[in-house]
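J.: A structural model of the following input is requested.
(2 chains)
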Amino acid sequence: MKSFRPISSLVLFIVLAGSSAWPQQRINLGDNAALRYWSAFAQMQDSAITDADAKKLNAILDGTVPYDDLQYKDLIEKNRPALEIMARGTTLQNCDWGLDYKMGPETPVEYTRKALVLGRLNVLYAFHLLITGDKDKAVTVLAAGTRFSHDVANGGTLFATLIAKSLLVAHLRAMAFALHAEGLSAAQRSVLQKAVVELGPNGLDWRSAMKRELQLPLGLDTRASAALDKIIPAYLGVLSNSAALPELQQMIASAPPECSNILPSPVRVLDAKQELTDKLREVRSSLQ
Amino acid sequence: MPTLPDNQFERYLKQFRPLAPEQLQLEEHSATKSRTRALAAWGSVAAAVIIAFLIVYPRLRRLTERGVQPGSVAQITVPQMKVPQPLTIRSADALLADAPSFKAAVDTLALPSHATSFGVKQSALEVLGKDSEL
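T.: Numbers count the residues shown, from 1 in each chain, chains lettered A, B, ... in the order given. Predicted structure coming up:
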């Protein structure tokens, strides 16, 4: 009987501790930025535009044509609720897209397409705010968009990282425009500076993305699988040391075709990574 | 009628002459009936068409104003339109491998053109989905 009391107390403690942990876990699961982003995707509203408008829109995002507020303010206005939901999502620390890698190459990544659209709408929104003179809001929108762009790559493979890179470059370009054309106050520059610093020197975790990409179960035969096992560390090494690129290319060239054909071009990956690093460096120095 | 003796009553009856029977109204009556039925049928058809138009027209108008959304009614009923498949890692990687550049890969990824029934107009979100940076 004496030994029964400590055991029952222990059981009671474990049950109580477990039951108090459940609501905590539920709260944590809900604090997921990706869920807010999906909510924003669902709120997006389309608009019909002409081919000429479409070309102009791309040129604006490329930074070769000035933004025309008369043409796009309606599209932006219609999508403001979606953009506000996205911005609220960026305040959350955790962003888990819930990718089920057990599905291998069939893992759905539709969110990347939607994220590309929403992120680019956010750049237009920032231009709209700058044109209408609301610089405080514009820098907040750019900072949120930068965080969102970074989140797009979270836990994803190469493709998600490329979408994130594209969005980051578009936001950084808009920041450069705001700095040079509009003239920002110290407080406004500080908001942008914080957003850029949070990105780190390379902006995105290319290594982790490539690791996930290369480790997907592909059902290769033994020979191809053995070749891939040797290539993976070399590929990941090149992302931090581009001098090893020729050696990696040689390994890929001599690998069985089932293996070499599925590998993304390391040159293109390095170029994309470098472009983002350069843009980050440029904007960072402008913000100093 | 006054009560008459038999012979007088007989005479009284004889003054009546049989008349040629009038044509029966049956045929005309049935013709009118079938005309009414036909009218009612056409009326129902017309009412159904009007109701269907009233239901469909506002939707079509909304679609024309917005541009067509993927998976919408207009997109499903136009057979030549491409319906985008859900994007997977495999299809995304295939795009990256086959395209001449990452930028071209994402252009291919963008939502299909579905402007067939709406002149030269296209979806603004589709254009935003075509990346030029990758």
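
J.: in terms of contact, does A:Leu236 touch A:Met210 like I think?
T.: Yes: in this structure A:Leu236 lies within contact range of A:Met210 using CB atoms under 8 Å: 6.1 Å. Bear in mind the C-beta positions are built from the backbone N, C-alpha and C, glycine included.

J.: Compare those two (neighbour count), which wins?
T.: Counted by other CB atoms under 10 Å in any protein chain shown, A:Leu236 and A:Met210 do not tie: A:Met210 has more neighbours, with 23 against 16.

J.: need the contact list for the more buried one.
T.: By CB atoms under 8 Å, 6 or more residues apart in numbering or on different chains, the residues touching A:Met210 are A:Leu158, A:Tyr235, A:Leu236, A:Leu239, A:Val269.

J.: Which residue ranges of chain B form strands?
T.: For chain B, strands defined by DSSP state E occupy the ranges B:122-123.

J.: Provide a list of residue ranges in it with pLDDT below threshold.
T.: B:1-3, B:23-31, B:57-84, B:106-122, B:130-134 (pLDDT under 70).

J.: ok, which stretches of it are helices?
T.: For chain B, the helices defined by DSSP state H occupy B:6-14, B:26-66, B:73-77, B:89-98, B:102-109, B:124-129.

J.: Pull the last one out as CSV, backbone CA atoms only.
T.: Backbone C-alpha positions of helix B:124-129 (Å, rounded to 0.1, in the frame of the first residue of the first chain) are rendered in CSV as follows:
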residue,chain,number,x,y,z
ALA,B,124,-3.8,40.1,-64.3
LEU,B,125,-2.9,37.4,-61.8
GLU,B,126,-1.7,35.2,-64.6
VAL,B,127,0.7,37.9,-65.7
LEU,B,128,1.9,38.3,-62.1
GLY,B,129,2.5,34.6,-62.0
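
J.: residues of that helix that come out buried?
T.: Residues B:Ala124, B:Leu125, B:Glu126, B:Val127, B:Leu128, B:Gly129 are the ones in helix B:124-129 that count as buried (16 or more other CB atoms under 10 Å in any protein chain shown).

J.: swap in the first one?
T.: Judged by neighbour count using 16+ other CB under 10 Å, helix B:6-14 contains no buried positions.

J.: Which residues does it contact?
T.: For helix B:6-14, using CB under 8 Å, 6+ apart, the contacting residues are B:Leu4.

J.: what's A:Ala144 in contact with, if anything?
T.: So A:Ala144 contacts A:Met86, A:Ala87, A:Thr90, A:Asn122 (CB under 8 Å, 6+ apart).

J.: run the last query once more with 7 Å
T.: When contacts are counted by CB atoms under 7 Å, 6 or more residues apart in numbering or on different chains, A:Ala144 touches A:Ala87, A:Thr90.
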